[in-house]
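Student: Give me a 3D structure for the following:
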Amino acid sequence: MAAETIVSLLHHCAKIKAFRYGFSLHGAVVKTGIEYDVYVSNHILNMYAKCGKINFARHVFDEMPEKNVVSWSAMISGYNQGGEPLLALDLFSQTHLVPNGQSFASAIHACGSLRALETGQQIHAQSLKYGYACLSFVSNSLISMYMKCGYCSDALLVFSGSSEADPVAYNALITGFIENQQPERGFKVFKLMQRQDLVPDHFTFAGLLTSCAESENLDRAMVLHCQTIKLKLDSTPFVGNLMIKMYSKFNLIQEAEKIFRQIEEKDVFSWNTFIAACSHCEDYEMSLRTFGEMLNEHSVRPDDFTFASVFSACAGFASIHSGKEIHAHLIKTRLNQDVGVGNTLINMYVKCGSIKHANSVFNKMIHRNLVSWNTIIFGLGDYRHGSRAFELFEQMKAIGLKPDSVTFLGLLMACNHAGLVDKCLGFFNSMKETYGIAPDIEHLKCLIDLLGRAGRLTEAKEYMKKFPFGQDPVILRSLHSACQL
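Tutor: Numbering: from 1, shown residues only. Down below sits the predicted model:
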């Protein structure tokens, strides 16, 4: 097979991320004895990097007897795109050749990922020295880097110095301003972009739609929605998913459903976004119905996020029957259970009043995090299984897991239901003294309620004096109600 043919095929494999075919082509290169041709090796290296096989790419790079600027650029870019910004910068600093534009863009992007402003400024200076800062993809990386580091003025200077700003530059500015809590400046750039007759794309709307949801500006959101319809972006999964999430923040689930139905090629993220949106709007029945539609009518394979969302819907709907059915489906289809899914499953059984099933799920979990322990302790405390909650707290401490405020709220609740005043005082006092956790109004309310019901009013008043929220109506009502019992 001729070298030109192999290089062409390697290039195609890199484009479509066809690792197996690329790996076979690498074997063919070795057999034909052209693996040390720098042109061929660069294409092999690039293919592995584009396929996400960064260790394979590095092995090829290290074995190359001769490296040119493209070799270094491909490897630096591979590290950057593979989520290894530190390695990208380390390799950039080792290059003995004058970097090319791609190397500069990758290194600057890596600085942005690490919020490494000083290093980014040094590389910016180098790019100016060698005449690469004027290239659009380098200047766009600089805008993004300065924005990520919170230096909006520097980003604007780079933008202003660009000979011809493209949509990517405008998108970087818009996203940057919104991420830096300056949404109005982001919308001003959006208007400027439109005046320049540049067509917004899905990345343009990403930050803008999110900003509308966060600022609760429905009018602006609807204007953006109309613009996405005009540009035929509303039916694409990326923009459609964003709008579903946005409308759910306004509790407009019917609008969210219209968008969901209009998305032409729904991916698993579309289904997940709408299922989660239904739960957020407390339309749990629609959430479960959509999950059934996803499985039975469209044969879309649910992922961990899907299961977490539907278990939350079951908890909100208090539907243990649906919860058990979906739990059975989970066991059949997914051998390795994600800790987040396990946590929502425990919570679902707790909310449905089945502590037995919640405890069973907890005991079978291979991996647990603090949320796992808190959920089961809270559930046990709420359903008057205090002794078991206390046992788990001791086990939690024994494995070195530090409790947080939620842990103690569960323990205080367990004490409250069991009438264990002294134990409750012990837990409450240990929050600050032992763990450095400041009790909040919910912790104090739980303690005051128990002290009031036990007739220990003097102690209750003393604890109320210790906190600035001690005279809050919530606390006063708690004490008043307890005294009436």
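Student: Compute the number of surrounding residues for residue 113.
Tutor: 17 (other CB atoms under 10 Å). For glycine as for every other residue, the C-beta is placed from the backbone atoms N, C-alpha and C.
Student: State the next helix or strand along the chain beyond the one helix or strand it maps to.
Tutor: Element membership of residue 113, judged by DSSP states H and E, is helix 101-114. Note on helix 101-114: by DSSP H and E, the next helix or strand toward the C-terminus is helix 117-129.
Student: C-terminal to that next one, what's the next element?
Tutor: Note on helix 117-129: by DSSP H and E, the next helix or strand toward the C-terminus is helix 136-148.
Student: Output the contacting helices and strands for that following helix.
Tutor: helix 101-114, helix 117-129, helix 152-161, helix 167-179 (3 or more CB pairs under 8 Å, 6 or more residues apart in numbering; DSSP states H and E).
Student: on that earlier part again, in the helix holding residue 113, what counts as buried?
Tutor: Residues of helix 101-114 classed as buried: 101-114 (neighbour count, 16 or more other CB atoms under 10 Å).
Student: Dump it to PDB, restricted to CA.
Tutor: This file holds the C-alpha atoms of helix 101-114, laid out as PDB (Å, rounded to 0.1, in the frame of the first residue of the first chain):
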ATOM      1  CA  GLY A 101      -0.400  28.700  15.300                       C
ATOM      2  CA  GLN A 102      -2.000  25.400  16.400                       C
ATOM      3  CA  SER A 103       0.500  25.000  19.200                       C
ATOM      4  CA  PHE A 104      -0.100  28.500  20.400                       C
ATOM      5  CA  ALA A 105      -3.900  28.100  20.300                       C
ATOM      6  CA  SER A 106      -3.700  24.800  22.200                       C
ATOM      7  CA  ALA A 107      -1.400  26.100  24.900                       C
ATOM      8  CA  ILE A 108      -3.400  29.200  25.400                       C
ATOM      9  CA  HIS A 109      -6.600  27.100  25.700                       C
ATOM     10  CA  ALA A 110      -4.800  24.900  28.300                       C
ATOM     11  CA  CYS A 111      -4.000  28.100  30.300                       C
ATOM     12  CA  GLY A 112      -7.700  29.000  30.200                       C
ATOM     13  CA  SER A 113      -8.700  25.500  31.500                       C
ATOM     14  CA  LEU A 114      -6.200  25.900  34.400                       C
END
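Student: Could you list the residues in contact with that helix?
Tutor: For helix 101-114, the external contacting residues (CB atoms under 8 Å, 6 or more residues apart in numbering) are 69, 72-73, 76-77, 79-81, 85-86, 88-89, 92, 95, 99, 116-117, 119-120, 123-124, 126-127, 130, 132-133, 135, 137-138, 140-142, 144-145, 147-149.
Student: again with stretch 217-226
Tutor: 187, 205, 208-209, 211-213, 234, 243, 246-247, 250.
Student: Nearest residue to the middle of this structure?
Tutor: For the chain, residue 305 is the residue whose C-alpha lies nearest the centre (CA atoms, centre = their mean; 11.2 Å).
Student: In this structure it contacts residue 273, no?
Tutor: No: look at residue 305 against residue 273 with CB atoms under 8 Å: they stay out of range, at 9.3 Å.
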